[in-house]
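Novice: Below is the structure, and that's it, no one-letter string:
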């Protein structure tokens, strides 16, 4: 019997972190331009895209 742990990604998840950062930045822009729902939505989309790009980049370099 072996006590092998699942590999996982060693704590390198960027989608969740970038989603939070994107929503925060989007909310700031939404307040600035007086269109909060659009700002939060765009921030979430850009955050998810950037997070996925970073994960793919890290997966290719390791």
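Specialist: Alright, I've got the coordinates. Predicted, not measured: the structure shown is a model, and the values here were computed from it.

Novice: Pull the residues that contact stretch 28-43.
Specialist: Contacts with stretch 28-43, where a contact means Cβ atoms under 8 Å, 6 or more residues apart in numbering, come from 22, 23, 24, 25, 26, 27. Where C-beta positions appear, they are placed from N, C-alpha and C, glycine not excepted.

Novice: Report the rounded mean pLDDT for the strand or helix carrying the fifth one.
Specialist: When you say that, I think you mean residue 26. Using DSSP states H and E, the secondary-structure element containing residue 26 is helix 15-32. Taken as a whole, helix 15-32 has a mean pLDDT of 94.

Novice: list the buried ones in that helix?
Specialist: Neighbour-count burial for helix 15-32 flags 15, 18, 19, 21, 22, 23, 25, 26, 27, 29, 30 (criterion: 16 or more other Cβ atoms under 10 Å).

Novice: what's the closest non-adjacent residue to the fourth one?
Specialist: Computed as Cβ to Cβ, 6 or more residues apart in numbering, the closest residue to residue 21 that is not its neighbour in sequence is residue 47, at 5.9 Å.

Novice: Against residue 16, how distant is residue 58?
Specialist: According to Cβ to Cβ, to the nearest Å, residue 58 and residue 16 sit 14 Å apart.

Novice: do the same with residue 54
Specialist: 11 Å.

Novice: Distance from stretch 25-41 to the middle of the chain?
Specialist: 17 Å (Cα atoms, centre = their mean, to the nearest Å).

Novice: Can you give me the end-to-end span of it?
Specialist: 11 Å (Cα to Cα, to the nearest Å).

Novice: related to what we said a few turns ago, and the buried residues of helix 15-32 as CSV, adding distance to residue 42?
Specialist: Shown next, in CSV, are these (distance: Cβ to Cβ, whole Å):
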residue, distance to residue 42
15, 17
18, 13
19, 12
21, 13
22, 8
23, 10
25, 9
26, 5
27, 10
29, 8
30, 8
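
Novice: List the buried residues in the biggest helix by length in the chain.
Specialist: Ranked by residue count, the top helix of the chain under DSSP state H comes out as helix 36-61. For helix 36-61, the neighbour count (16+ other Cβ under 10 Å) marks 39, 40, 42, 43, 44, 46, 47, 48, 50, 51, 54, 55 as buried.
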